[in-house]
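[1] Test case, fold it:
(chains A and B)
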Amino acid sequence: MDKLNFSVEDFVLDTAFREWILSPTAKRNLQWEEYIVRNPQSIEHIRIARQIVLNMPSKEFMLNERQVDSLWEKIDKNLDFKDLPREAKSFPINSSATISRYTTEKSKYRINFQVLKVAALILLAFALGILYFTMPEIEKKPEIKWLTYSTKPGVKSSVTLSDGSVVKLNAGSSIRYVQNFVGNTREVFLDGEAFFEVAHDTIKPFIVHTKDISTRAMGTAFNIQAGQNGKIIISLLTGKVEVKSQQVPEFLDYLTPGEQIQTVTMGKYWEKGSFEEDVVMAWLDQTIIFDSTPLPEAVEMLENWFGVKITLLNFNDQNLTLSGKYKGETLKNILDGLSYTARFKYEIDGKQIKINFKQ
Amino acid sequence: MTFFKTYALESPSLDTLWSDLRSGDKSALEAIYRNFIQDLFNFGMSLHADETLVKDSIQDIFIDLWNYRSKLCTEANIKQYLFKSLSNRIHKELGKNARRTSIHWMVDQEELVDSTEDVLIQGQLASELSSKMKLALEKLPIRQKEVLQYLYFQKLSYEDTSKLLDINIRSTYTLAWKAINALKKSIISLSLLILSFLAL
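    Numbering: from 1, shown residues only, chains lettered A, B, ... in the order given. Below you'll find the model as predicted:
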């Protein structure tokens, strides 16, 4: 490094210096340490330059998707009305451009009409040929058919999609998707909770939409829970997914196996953390887990799980939470277990259940 | 490439798009637009933070790109071409509205934090530092903002930057140096204060 007598400004403008400050590696550290040893007078400059690099405001002006689309529409509209100007102003970028421009212009005047006719015929034949061979596909295209698959409360179900991906739907959930996944992507709209085992296809990404959040995967297995309260939880088991919001442009994150994202719809807030596979995957294993679950939430889970309606009487203790793990149990057994700890009595009348908290 | 004009996410290369555009393919124009719109908007706003003006300028350069497509040269760095077009357009628009280019980059040094004695936590100083720099950056003349955008934020080489600015490499460096110098002046006293705190 021959950076003798570097000023603060010179350091800031030096790419290697910036790289060292912003992403230091062992090698870069070593190089710069050597430099400082050889040029001890530069240390003050380096300190100030470092402050500038670290605090350089990186203004991020972003357009949201809607703005991008509407600006494009404006451009598009103007394209259709304007004719191509005859004597257009040109922007030569280099000499070869200028030369090639003139050569193509010249050739314009040497059009042979006989040749043109023959060319038109050949083109026509060719176009018809292509039309013929691609016909069946063209016919198929307009038939974009949406399929909806939903489960009633109390029923869980597994669906295999046309690409081989398997979706396990929890009770009271639904998915909507285009039959045969016509188009460049495989898109699924989810309401409720489901576990996805995505068939590998690097060309057609698999995208799950839950409210404004989209989860994009190549070939992975993940669980998404989008409940009534607007909370969305995405947990990744294998592979990699990209999670982003259609509404909040800053919300873009990636998950690696074992990671989970929790977010609230339309919110700027999201949280990434780890999760316990047993807990998240319990529903697939006929297991209900309450882990300090607030009572109203637990009631909602039971209603959905068993397809029943639960009425609470004399329920006053808003802080009451439930804990417990029930694998393949009947509703009666679960309620029996809970009634001791939470101190309530219950009555089952067909699909109607009354829970009575008496002091 | 044999497949038809379906611009699947990131598949076709920019070169392909450029030549498709030249042969009059509107979807190629849209693909280029979608590829660069955020960069261009960010760049435009960094030069002159007026959303309407920047959007209008972007609209104009894409309409021009389409109208003059047959005159485009075969090989071009699309990104640099677009940046330069946008910069020209913004300069032109600003020139129209009188000479608004700022002269006030020499101002303000001190007016430091009033009573520095007691409660100066380093974190406060640091955030003070970045807000001072932000202010100073906004006050830079547009050409200096531009040179920083190319060199510093877009990480272009001095050669490319000098071409985009239409000045020689030496002048490019001087321009950038002045810009950093202005930023330095805005924070120097504060920064020394932080250093003295660190030394304690």
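
[2] Downstream of the one helix or strand residue A:130 maps to, the next helix or strand is which one?
    Here residue A:130, judged by DSSP states H and E, is contained in helix A:113-140. Next helix or strand after helix A:113-140 toward the C-terminus (DSSP H and E): strand A:146-150.

[3] How is chain B partitioned into domains?
    As assigned by automatic domain parsing, chain B contains the domains B:14-96, B:104-199.

[4] Show me which residues of the stretch 151-300 of chain A are close to chain B?
    The stretch 151-300 of chain A comes close to chain B at residues A:184, A:203, A:205, as judged by Cβ under 8 Å from any Cβ of the partner chain. (C-beta placed from N, C-alpha, C; glycine too.)

[5] Helices of the stretch 1-150 of chain A, residue ranges please.
    Secondary structure of the stretch 1-150 of chain A (DSSP state H, counting those that start in this stretch): helices at A:8-13, A:15-22, A:26-38, A:43-55, A:65-81, A:95-108, A:113-140.

[6] and chain B, which of the ones you listed is closest to it?
    helix A:95-108 (2.8 Å; Cβ to the nearest Cβ).

[7] Might you report the residue contacts of the residue nearest to residue B:180 when sequence neighbours are not counted?
    The shortest distance from residue B:180 to any non-neighbouring residue, by Cβ to Cβ, 6 or more residues apart in numbering or on different chains, is to residue A:9 (4.3 Å). Neighbouring residues of residue A:9 by Cβ atoms under 8 Å, 6 or more residues apart in numbering or on different chains: A:49, B:177, B:180-181, B:184.

[8] Mind checking which of these are in strands?
    Among those, no residue falls in strands (DSSP state E).

[9] Let's have the residues you listed in a markdown table, adding distance to residue A:297, pLDDT and neighbour count.
    Listed next are the contacts of residue A:9 as a markdown table, based on distance: Cβ to Cβ, whole Å; pLDDT from 0 to 100; neighbours: other Cβ atoms under 10 Å in any protein chain shown:
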| residue | distance to residue A:297 | pLDDT | neighbour count |
| --- | --- | --- | --- |
| A:49 | 54 | 90 | 26 |
| B:177 | 61 | 92 | 17 |
| B:180 | 56 | 92 | 25 |
| B:181 | 60 | 92 | 16 |
| B:184 | 56 | 89 | 21 |
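
[10] out of the residues you listed, which one sits closest to residue A:279?
    Residue A:279 has its nearest neighbour among those in residue A:49, at 49.8 Å by Cβ to Cβ.

[11] give the contact list for that closest one.
    Contacts of residue A:49 by Cβ under 8 Å, 6+ apart are A:8-9, A:11-12, A:17, A:21.

[12] so residue A:222, which of the three states?
    Assigned with DSSP: H, G, I helix; E, B strand; the rest coil, residue A:222 falls in the strand class.

[13] Which secondary structure element is home to the closest residue in space to it that isn't next to it in sequence?
    Setting aside the residues directly before and after it, residue A:222 is nearest to residue A:236 in space (Cβ to Cβ, 6+ apart), at 4.5 Å. Applying DSSP H and E as the criterion places residue A:236 in strand A:231-238.
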